[in-house]
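> got a predicted model here, sequence first, then my questions.
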Amino acid sequence: MSDQKKQRQAPGWQWEQALIEAYYDYRWHQLLEPLCETFQRWKAGELTHADVDLAIEEAYEERCGLHNLFSQRQDRAVALIQWWDHEWFEAWVEEHRPSPDVRLASPPE
C-alpha cells in the first residue's frame, strides 16, 4: 500500500478532509446565495445591469480568495480556516471531535 493511501486512511487525515469539505460548502453558499438573489432582483427589474456587474465582480474576488484557501496543503487549509473563521470552526469541532492524531493550531488571540 502506498504511503499516500495509508495517509488518506488515517483518522486525522479523514477528519481534516471532512472539515475542509464542510467549510467549502458553507463558504460557497455564502458566496452564491446573495449572487442568486441579485440575479432574481435583476430579473424582476429591481436592479440594473451595473448592479449585477458589480455583484459578479465582488463574487469573483471572493471566489479567488476561496480558491487560494482551498488550494493550500490540507493541514495549512485547516489552520487557515481555524484562524479566519474561528466561530464556524469551533461550532463544527463541537459536533465533529478530532481524532487524537490531529494537531490543531493555537487559537487566534
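Cool, the structure landed.
> could you use CA atoms for every contact and neighbour count after this?
Will do.
> name the SS class of the residue of the chain positioned farthest from its centre, please.
Distance to the chain centre peaks in the chain at residue 45, reaching 32.2 Å (criterion: C-alpha atoms, centre = their mean). What DSSP: H, G, I helix; E, B strand; the rest coil gives for residue 45 is coil.
> may I have the phi/psi pair for it?
Main-chain dihedrals, residue 45, degrees, to the nearest 10: phi 90, psi 10.
> and it, what pLDDT?
Residue 45 is assigned 98 on the pLDDT scale.
> what's the answer for residue 108, then?
57.
> helix or strand next in line after the helix or strand hosting residue 29, which one?
Assignment of secondary structure by DSSP states H and E places residue 29 within helix 11-43. Going down the chain from helix 11-43, the next helix or strand is helix 49-70, by DSSP H and E.
> and residue 27, what does it touch?
Residues in contact with residue 27 (C-alpha atoms under 8 Å, 6 or more residues apart in numbering) are residue 66.
> measure it to residue 64 for me?
Residue 27 is 12 Å from residue 64, where distance means C-alpha to C-alpha, to the nearest Å.
> follow-up on the earlier one: what about the residue farthest from the centre of the chain, distance to residue 51?
From residue 45 to residue 51 the distance is 11 Å (C-alpha to C-alpha).
> returning to that earlier point: give the buried residues for the helix holding residue 29.
Judged by neighbour count using 16 or more other C-alpha atoms under 10 Å, the buried positions of helix 11-43 are 12-13, 15-17, 19-20, 23-24, 31, 35, 38-39, 42.
> please apply the same query to stretch 60-72.
Those would be 63, 69, 70, for stretch 60-72 by 16+ other C-alpha under 10 Å.
> ok, so of those residues, who is nearest residue 55?
Using C-alpha to C-alpha, residue 63 comes nearest to residue 55 of those, at 12.0 Å.
> name the nearest residue to the closest one, ignoring sequence neighbours.
Nearest residue to residue 63, sequence neighbours excluded (C-alpha to C-alpha, 6 or more residues apart in numbering): residue 31, at 7.7 Å.
> that neighbour contacts residue 60, correct?
No. Assessed by C-alpha atoms under 8 Å, residue 31 is found out of contact with residue 60, at 9.2 Å.
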